[in-house]
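Visitor: Quick one, fold the following:
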Amino acid sequence: MRKYLLAVWLTTCISSVTLTSRVFAADQTQSEPPKVTLYGAGSLRGSLSEVADTFTQEYGINVNREFGPSGSLRERLENGEKTDVFASADIGNPLKLYQLRLSGPVVNFTSNPLYAIASPRVSLTTDNLLDQFLNPNVKLGIAQPVRDPLGDYAIEIFRKADQIKPGSFELLDAKAVRFTGPLPPERNSPGGSIVYYLEEAQQADIYPVYYTSALSALELSPNLQVVELPDNLAVKADYGLTVLKNASPNGTKLAEYILSPAGQRILAKYGFSSPSSTRSTSVGESHNLGGIILAVGIALILKKTSASSKKRKLQKAVTCCHYKRIFNNS
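Guide: Residues are numbered from 1 along each chain as shown. Predicted coordinates:
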């Protein structure tokens, strides 16, 4: 009899513990704050991190984020990785996801012109930029094409150079060093990578980069030279935003926040331009017309302020570099 009662007691205890564990787990799941996942281009690391933090403060929704080359992130999404929002440094990569029916329409949410950044070892100006690119004694570095849109934009510059000086494309494409491989942890940022390639590893003397990344690099190393591309070589990166299929409702909310005036102000603070007026509509049939209209409105609002803000930032950075050189030489 005692054995029977002991068995009943043990069974009751185990059932009670199991039930309690299930209730506790359910309560824990219910108490976990909502979250959303964002994959973004490496050049957006600083700006979208601030956007995500502000979004969390306002809505109480945590944002898991990962930044890297847009082409690599797109491949991972094609291979089954899950995210809610994809912010790319180009239109092409998110467009591929849309064409594969893995995401919704693509919206151009910001733009970023390319500049040339050079080490002090080279004298670089807008006027002599193409000659220095072609100079066999000057090492030219670019990001890896296809994997990183920044590399594709560099190839676009080479094609424009070929229109100016026939044969330039072949020469530039052959001499350009493709940057690959992991970065030191302390240099895993847009500005940090530039400093590493140009100054620490000295893999290149000149590097075509995003304007925003050039600003970040100048903060780390004011001796670097930042030069605007001449009009006949100018290239501007249009950034694309898309919400993945089966994304949580919070994914749409985050995408709308990036497009909102609050999100756009943060992007502008980091040096990004307003979306191109001709690219601010979505690709494909949209399920969120309001967001697209909002993007167009933002483009009109920021059109005047963006250019003047950009000039002020670059002039301030260059002036600081100039005075530092004078101080060092005195």
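
Visitor: Who are the packing partners of the host helix or strand of N108?
Guide: Assigned by DSSP states H and E, N108 belongs to strand 107-118. The elements that strand 107-118 packs onto, with contact taken as 3 or more CB pairs under 8 Å, 6 or more residues apart in numbering; DSSP states H and E, are helix 149-164, strand 206-210, helix 211-220, strand 225-228, strand 236-243, helix 249-259, helix 261-269, helix 289-329. C-beta: built from backbone N, CA, C; applies to glycine.

Visitor: where does the protein have low pLDDT?
Guide: 1-31, 276-330 (pLDDT under 70).

Visitor: again, 90 this time
Guide: 1-34, 180-183, 188, 274-330 (pLDDT under 90).

Visitor: Where do the domain boundaries of it fall?
Guide: Per the record, the chain has its domains at 35-111+237-312, 113-235, by automatic domain parsing.

Visitor: I'd like these as CSV, with mean neighbour count appended.
Guide: Below are the domains of the chain laid out as CSV (neighbours: other CB atoms under 10 Å):
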stretch, mean neighbour count
domain 35-111+237-312, 20
domain 113-235, 18
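
Visitor: residue contacts, the spatially closest residue to A89 that is not a sequence neighbour?
Guide: Once flanking residues are discounted, A89 sits nearest to A41: 3.7 Å by CB to CB, 6 or more residues apart in numbering. Shown in contact with A41 (CB atoms under 8 Å, 6 or more residues apart in numbering): F67, G68, P69, S70, L73, A87, S88, A89, P149, Y239.

Visitor: which of those sit farthest apart?
Guide: Pairwise distances across the contacts of A41 (CB to CB) peak at 14.7 Å, for the pair G68 and Y239.

Visitor: and stretch 67-87, C-alpha only, in PDB?
Guide: Extracted in PDB, the C-alpha atoms of stretch 67-87 (Å, rounded to 0.1, in the frame of the first residue of the first chain):
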ATOM      1  CA  PHE A  67      25.300  44.700 -41.100                       C
ATOM      2  CA  GLY A  68      27.500  43.600 -43.900                       C
ATOM      3  CA  PRO A  69      28.000  43.700 -47.700                       C
ATOM      4  CA  SER A  70      24.500  43.900 -49.300                       C
ATOM      5  CA  GLY A  71      25.200  41.200 -51.900                       C
ATOM      6  CA  SER A  72      26.300  38.800 -49.200                       C
ATOM      7  CA  LEU A  73      23.300  39.500 -47.100                       C
ATOM      8  CA  ARG A  74      21.000  39.000 -50.100                       C
ATOM      9  CA  GLU A  75      22.500  35.600 -50.900                       C
ATOM     10  CA  ARG A  76      22.000  34.500 -47.300                       C
ATOM     11  CA  LEU A  77      18.300  35.500 -47.500                       C
ATOM     12  CA  GLU A  78      18.000  33.700 -50.800                       C
ATOM     13  CA  ASN A  79      19.400  30.600 -49.000                       C
ATOM     14  CA  GLY A  80      16.800  30.700 -46.300                       C
ATOM     15  CA  GLU A  81      17.900  33.000 -43.500                       C
ATOM     16  CA  LYS A  82      15.100  35.000 -41.900                       C
ATOM     17  CA  THR A  83      14.800  38.700 -41.400                       C
ATOM     18  CA  ASP A  84      12.000  41.200 -41.500                       C
ATOM     19  CA  VAL A  85      13.600  44.200 -43.200                       C
ATOM     20  CA  PHE A  86      16.500  44.400 -45.700                       C
ATOM     21  CA  ALA A  87      18.100  47.800 -46.300                       C
END
